[in-house]
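Undergrad: got a predicted model here, sequence first, then my questions.
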Amino acid sequence: MVDCGVSDVFIGEYKHNLDSKGRIIIPAKFREELGDLLIVTRGFDGCLSLYTQEQWKRLYATLRKLPPTKKESRMYIHMITVKACECELDSQGRILIPASLAKEAALEKECVIVGVGDHAEIWSDERWNTYYETASSSFEENAEELTEYMFDEAL
């Protein structure tokens with residue numbers, strides 16, 4: 001993590017193995033910010049997302065703004081919340097990943113934990129490598145396309 005004057009900033013890439021009981025070590029740099037109890041849920045692109053309790057509350061408040069009369073809203077909320085769970089760090093800095101979530105993310109043994117700013121993600125090593133290769137090959141084009149969203153008009 002980086003001290004940017006803002007809490008909850010996660011950066012970096014860490015490789016850890018899922019053990020035979022479904023536990024994974026959370027990188028020491030993330031543990032202090034995440035706290036002893038974190039929320040694990042389905043992420044995008046085939047990973048799991050890790051949130052602090054405060055981040056989860058903010059995400060949930062955003063989800064509640066979606067119109068409940070729209071089928072897409074209900075489906076999205078279900079996919080984010082239905083398998084979400086609270087995971088407690090043990091004395092060795094590990095969390096137990098529920099089997100249903102491990103299956104969602106194809107976690108078997110080799111995993112990658114990445115910091116993505118406001119949250120962290122757990123990826124299977126294979127999925128991460130494929131995703132990273134694809135994202136890396138279009139990095140500059142994506143930056144050009146998204147630049148308009150990155151800067152305040154007042155700058």
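TA: Perfect, I can see it now.
Undergrad: in which helix or strand does the residue nearest the centre of the chain reside?
TA: Residue closest to the average C-alpha location in the chain (CA atoms, centre = their mean): residue 49, at 2.4 Å. If you go by DSSP states H and E, residue 49 is part of strand 48-51.
Undergrad: so how far is whichever helix or strand comes after that strand off the chain centroid?
TA: For strand 48-51, the succeeding helix or strand toward the C-terminus, using DSSP H and E, is helix 53-63. When distances are taken as CA atoms, centre = their mean, to the nearest Å, helix 53-63 is centred 13 Å away from the chain's centroid.
Undergrad: for burial, what's the neighbour tally of the nearest residue to the residue nearest to the centre of the chain once chain neighbours are set aside?
TA: Closest residue to residue 49 apart from its sequence neighbours, by CB to CB, 6 or more residues apart in numbering: residue 43 at 3.7 Å. Backbone N, C-alpha and C define where each C-beta goes, glycine included. For residue 43, the tally of surrounding residues (other CB atoms under 10 Å) stands at 20.
Undergrad: who are the packing partners of the helix or strand bottoming out on mean pLDDT in the chain?
TA: Taking mean pLDDT, DSSP states H and E as the measure, the chain has helix 139-150 as its least confident helix or strand, at a mean of 84. Under the contact criterion of 3 or more CB pairs under 8 Å, 6 or more residues apart in numbering; DSSP states H and E, helix 139-150 touches no helix or strand at all.
Undergrad: keeping just the C-alphas, turn it into CSV.
TA: Extracted C-alpha coordinates of helix 139-150, given in CSV (Å, rounded to 0.1, in the frame of the first residue of the first chain):
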residue,chain,number,x,y,z
PHE,A,139,-2.9,-0.4,-22.5
GLU,A,140,-2.0,2.6,-24.6
GLU,A,141,-5.2,2.5,-26.7
ASN,A,142,-7.3,2.2,-23.5
ALA,A,143,-5.5,5.1,-21.9
GLU,A,144,-6.2,7.3,-25.0
GLU,A,145,-9.9,6.2,-25.0
LEU,A,146,-10.4,6.8,-21.3
THR,A,147,-8.4,10.0,-20.8
GLU,A,148,-11.5,12.2,-20.9
TYR,A,149,-12.8,10.5,-17.7
MET,A,150,-9.6,10.9,-15.8
